[in-house]
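Colleague: need the 3D shape of this:
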Amino acid sequence: MKASNTLLAVFLVASAAARAQVVPAVEGPYGSPISGTLHYDLRYTQTAQFYGGSEGTTQRGVASGELAYANSSAVLPFDVTYSGGDSWNISGQPEGTGVFQHMQVSQGLNRRAWSLRLSDDVNYMPQAPVSGFSGIPGVGDLPGEPSQPSQPILTVDTRSVFNIVSPSFTHTLGHATSLETGASYAIMRFPDGNGLDTDSVQANAQITRRLDARNSISGQYVYAHSSFPEYAILTMDTQSALFGYQRTWNRQLKTSVSVGPQWVRGSDSLLVPPSTNLAMNASANYSVRSTTAVVSYFRGTSGGTGEASEVGTHNDDVSGGITQLYGRNLTVSATGAYMRTQGLGVQSNQTVVTNTEFGGVSASRRLGRYFNVFANYTAIQQSSNYGLSANVVNGLSQVIGFGVAYSPRDINLKR
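Modeller: Here you go, the predicted structure:
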């Protein structure tokens, strides 16, 4: 996966804000061999990142794009998105630059009482993901959409490859009861050897019962197994039993919460001590006219943080975001998150605790029928009570980005 001077054109499903700025779709030529919707856009961004201390300021240029196709079949729904780009250093530190790529494919099969779905999601990034598909703050690849890092400890200059394959099955057992089962297999690799390679397998089953038009309850069991190629005999297993409640308060507000015990076991009790903890997922979604907002909370244990010295961690993550549309042309959004990551093992007679906060604001305005201009600000703060690897983000960094996007109308293809 070497860097290329050619733009890796085309990329991912546009965010709600970007979609809101696209004019009505046009129809493609009749007699097309496929039917569905085709979308693409291109963008150029320039960012300036300000570090604390003596590291100074780094300026980058980023060219990126997306291409997405979804068919029109209700029985066999299929969609594929390829996203990619390249970032290069203009001045300052060169860390975190290079090619980034993301591809997601999904195939479904829908019947009257049941449905199957198989998806594959793979990405390659030059650093730990901070926001959007590129992992590079300020690029503006998903404007207006709240995002949260998929690695609980943020790193720089750490190339990573992540791939997850996920089959799922949903079956309606009656007018008010449904069964959902799923599984996943994921790998995380660091080509430069400065992160912890991880393999993980997960299986889950959930039964949901609708009590009335607004309320439903659920019961879920989740099993996860993590292994680490660098430590052949080291494994970690977690089991969770979650009991959930979902409520639709009105047309604008929906909430859900799932909570229950989580059991953790490892093949090495020093690195992964056996424990029983509380796991929890909670979220609230609010939408009215031109305003959408979401708040979520996650508490649980995961294996593989991306940081070479941490096999598994207890995580407490809070994130949220709000997006406001002003007419048809202007979108303003704000996002934020706090993550507390505590290592499972003990190093130098203490557990390692890493605190990460990040937040940002962005604005995007449509110019004419096909162009958008955008600007954003992102702040990231990370600290730890223990000396971690040199590539781990330490202290405060701030990023300012601005750019222009070309986003033509969607193309409707007809057979």
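
Colleague: which residue ranges of the stretch 1-150 of the chain form strands?
Modeller: Taking DSSP state E, counting those that start in this stretch, the strands of the stretch 1-150 of the chain run over residues 26-27, 36-51, 57-71, 78-91, 98-110, 114-125.

Colleague: only the buried residues of the last one, if you could.
Modeller: The reference is to strand 114-125. Using 16 or more other C-beta atoms under 10 Å as the burial criterion, the residues of strand 114-125 that qualify are 115, 117, 119, 121, 123-125. (Glycine included, C-beta is placed from N, CA and C.)

Colleague: which of these has the weakest pLDDT?
Modeller: The member of the buried residues of strand 114-125 with the lowest pLDDT is Met125, at 83.

Colleague: relative to Ser267, how far out is that one?
Modeller: Met125 is 30 Å from Ser267, where distance means C-beta to C-beta, to the nearest Å.

Colleague: again, but for Ala183
Modeller: With distances taken as C-beta to C-beta, Ala183 is found 22 Å from Ser267.

Colleague: and what of Tyr370?
Modeller: For Tyr370, the distance to Ser267 equals 56 Å [C-beta to C-beta].

Colleague: want to throw the strands of the stretch 1-150 of the chain into JSON lines with distance to Arg366?
Modeller: Formatted as JSON lines, the strands of the stretch 1-150 of the chain follow (distance: least, C-beta to C-beta, whole Å):
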{"stretch": "strand 26-27", "distance to Arg366": "17"}
{"stretch": "strand 36-51", "distance to Arg366": "12"}
{"stretch": "strand 57-71", "distance to Arg366": "17"}
{"stretch": "strand 78-91", "distance to Arg366": "21"}
{"stretch": "strand 98-110", "distance to Arg366": "25"}
{"stretch": "strand 114-125", "distance to Arg366": "28"}
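
Colleague: show me the longest strand that occurs in the protein.
Modeller: strand 231-248 (DSSP state E).

Colleague: in it, what counts as buried?
Modeller: The neighbour-count check on strand 231-248 (16+ other C-beta under 10 Å) flags 234-240, 242, 244, 246, 248 as buried.

Colleague: how far does it sit from its chain's centre?
Modeller: Centroid separation for strand 231-248 versus its chain: 19 Å, with C-alpha atoms, centre = their mean, to the nearest Å.

Colleague: who does it pair up with?
Modeller: strand 215-228 (antiparallel), strand 253-266 (antiparallel) (DSSP bridges).

Colleague: out of these, the one nearest Thr37 is which?
Modeller: strand 253-266 (26.9 Å; C-beta to C-beta).

Colleague: run through who's touching the closest one.
Modeller: Identification of contacts with strand 253-266 by C-beta atoms under 8 Å, 6 or more residues apart in numbering yields 218, 220, 234-249, 272-286, 300-301, 311-312, 344.

Colleague: so what's Leu367 closest to, chain neighbours aside?
Modeller: The shortest distance from Leu367 to any non-neighbouring residue, by C-beta to C-beta, 6 or more residues apart in numbering, is to Val373 (6.0 Å).

Colleague: what's the mean pLDDT across stretch 260-273?
Modeller: 90.

Colleague: my bad, stretch 46-64
Modeller: 79.

Colleague: average pLDDT for the helix or strand harbouring Tyr338, rounded please.
Modeller: Following DSSP states H and E, one finds Tyr338 within strand 330-343. Per-residue pLDDT over strand 330-343 has a mean of 89.

Colleague: with stretch 175-193 instead?
Modeller: Average pLDDT, stretch 175-193: 92.

Colleague: got a list of contacts for that stretch?
Modeller: For stretch 175-193, the surrounding residues in contact (C-beta under 8 Å, 6+ apart) are 1, 158-173, 195-211, 304, 306.

Colleague: show me those residues that map onto strands.
Modeller: 160-172, 198-210.

Colleague: report the buried members of those.
Modeller: Applying 16+ other C-beta under 10 Å to the ones in strands among the contacts of stretch 175-193 flags 160-162, 164, 166, 168-170, 198-200, 202, 204, 206, 208, 210 as buried.

Colleague: tell me the one of the residues you listed nearest Ser106?
Modeller: For those, the minimum distance to Ser106 (C-beta to C-beta) is 9.1 Å, reached by Ser166.

Colleague: and the gap between that closest one and Ser226?
Modeller: Applying C-beta to C-beta, the value for Ser166 to Ser226 is 16 Å.

Colleague: circling back to that earlier point, now the following helix or strand past the strand holding Tyr338 and strand 330-343, what's the angle there?
Modeller: As assigned by DSSP H and E, the chain's next helix or strand after strand 330-343 is strand 353-367. For strand 353-367 against strand 330-343, the angle by axes from the mean of the first three to the mean of the last three C-alpha atoms, to 10 degrees is 170 degrees.
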